[in-house]
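J.: Fold the following.
(2 chains)
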Amino acid sequence: DVKVTQSSRYLVKRTGEKVFLECVQDMDHENMFWYRQDPGLGLRLIYFSYDVKMKEKGDIPEGYSVSREKKERFSLILESASTNQTSMYLCASRQANYGYTFGSGTRLTVV
Amino acid sequence: DQQVKQNSPSLSVQEGRISILNCDYTNSMFDYFLWYKKYPAEGPTFLISISSIKDKNEDGRFTVFLNKSAKHLSLHIVPSQPGDSAVYFCAASDRGAQKLVFGQGTRLTINP
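T.: Okay, the predicted model is just below:
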């Protein structure tokens, strides 16, 4: 089974802090994604990456950046956390032409 | 521009009955459709998928129906069980695309 591991299940950060969310997958998938889930808004794509050092903006990239230095690891960075970035963050990886495998999610609270 | 829409935010069904979750899409290029199930504080898990060359796919208690002319798909769960209580997301993609487009989700509650 493909495993996607997100480093933290719950995080509490202060406004203005720089926040790193880490995601690792173990099945050599090319594509990796970061989504956030908010009630009534579903899953919204922040950034995705289809190869090492490659990244593409999703639907809501503002306030975020990403890093993919190795194929198995895709990091989401909140440059200066704000309260409106309080959310559930979900990482996923995908083998071409198949569905996603998601991590367990990180519940981030910015205070 | 919401390309995938789940118009029912919530659905309540009695245990043992059929649950029907609906999803509409606007992009005629979509040719691969999936349903995911999500429990609170967990990531979504894959449930069932269907390719546009089919109009029905079954897996145990779960059946997905695709009506391409109406750009509509539905997920049927029969019989519904308490463990089916979760949020269900439909998703779609063009097979040439790298990303899936998700609907807003429907919260299904199965009542004993």
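J.: make it CA atoms for all contacts and neighbour counts henceforth
T.: Will do.
J.: Name the SS class of the residue in chain B positioned nearest to chain A, please.
T.: Closest residue of chain B to chain A, C-alpha to the nearest C-alpha: B:Gln104 (3.7 Å). In three-state terms, and counting by DSSP: H, G, I helix; E, B strand; the rest coil, B:Gln104 is coil.
J.: May I have the beta-bridge partners of the closest residue to it other than its chain neighbours?
T.: For B:Gln104, the nearest residue in space outside its immediate sequence neighbours is A:Gly42; the separation is 3.7 Å by C-alpha to C-alpha, 6 or more residues apart in numbering or on different chains. Assessed by DSSP bridges, A:Gly42 has beta-bridge partners A:Asp38.
J.: Kindly report the same for the one 5 residues further on.
T.: For A:Tyr47, the residues forming beta bridges with it (DSSP bridges) are A:Trp34, A:Lys57.
J.: which residues touch it?
T.: A:Tyr47 makes contact with A:33-35, A:55-61, A:65-66 under the criterion C-alpha atoms under 8 Å, 6 or more residues apart in numbering or on different chains.
J.: That one and A:Arg14, how far apart?
T.: 23 Å (C-alpha to C-alpha, to the nearest Å).
J.: What degree of burial does B:Val87 show, as a neighbour count?
T.: 21 (other C-alpha atoms under 10 Å in any protein chain shown).
J.: whoops, A:Glu62 was the one
T.: Counted with other C-alpha under 10 Å, the burial measure for A:Glu62 works out to 12 neighbours.
J.: can I assume it sits in a helix?
T.: No: with three-state DSSP as the criterion, A:Glu62 is coil rather than part of a helix.
J.: what are the phi and psi values for it?
T.: phi -60, psi 130 (degrees, to the nearest 10).
J.: Where does B:Met87 fall, secondary structure wise?
T.: Check again: residue B:87 is Val, not Met. strand B:86-93 (DSSP states H and E).
J.: Now residue 31. Nearest residue, chain neighbours left out?
T.: Using chain A. Excluding its sequence neighbours, the residue lying closest to A:Asn31 (C-alpha to C-alpha, 6+ apart) is A:Tyr50, at 4.3 Å.
J.: oops, chain B please
T.: In space, B:Asp31 comes closest to B:Ser52 once its chain neighbours are excluded; the distance is 4.8 Å by C-alpha to C-alpha, 6+ apart.
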